[in-house]
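Just the structure for this:
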Amino acid sequence: GLDPSASLFIDDSQKNVEGAKAAGWQAVLFTDAPTLKADLERLGIVA
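This is a model prediction of the structure:
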């Protein structure tokens, strides 16, 4: 199976993001496009 830490979960619900993190996933809260881009850069997914 897939290692949960190799997954990225993006959602606009803090509750869902917290649940994903509790399951071992990388997770970010979506608030707007510029913030998401910064989060993805921080995670090394986009440059």
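
Return the residues in contact with residue 45.
Listed by Cβ atoms under 8 Å, 6 or more residues apart in numbering, the contact set of residue 45 reads residue 8. The way it works is simple: take the backbone N, C-alpha and C, and place the C-beta from them, glycine included.

nope, residue 14 is what I was after
For residue 14, the set of contacting residues under the criterion of Cβ under 8 Å, 6+ apart consists of residue 29.

Next one: it, what pLDDT does it get?
The model reports residue 14 with a pLDDT of 99.

Now it: phi and psi?
phi -60, psi -40 (degrees, to the nearest 10).

Next, work out how far apart it and residue 27 are.
Between residue 14 and residue 27 the distance, using Cβ to Cβ, to the nearest Å, works out to 10 Å.

Please apply the same query to residue 11.
For residue 11 relative to residue 27 (Cβ to Cβ), the value is 7 Å.

ranges for the strands of the protein?
According to DSSP state E, the chain carries its strands in the segments 8-11, 26-29.

of all these, which gets the most neighbours per residue?
Ranked by mean neighbour count, the strands of the chain are led by strand 26-29 with a mean of 18 (mean count of other Cβ atoms under 10 Å).

what residues does that strand touch?
Looking at strand 26-29 with Cβ under 8 Å, 6+ apart, the contacting residues turn out to be 5, 7-14, 17-18, 20-21, 36, 39-40, 43.

Go again with 10 Å.
Under the contact criterion Cβ atoms under 10 Å, 6 or more residues apart in numbering, strand 26-29 has outside partners 4-14, 16-21, 35-36, 38-40, 42-43, 45.

what sits against residue 19?
With contacts defined as Cβ under 10 Å, 6+ apart, residue 19 is in contact with 9, 11, 13, 25, 27.

hang on, the third one packs against residue 30?
Yes: with contacts defined as Cβ atoms under 10 Å, residue 13 counts as touching residue 30 at a distance of 9.0 Å.

Between these two, which is the more surrounded one?
When residue 13 is set against residue 30 and neighbours are counted by other Cβ atoms under 10 Å, the residue ahead is residue 30, at 13 against 10.
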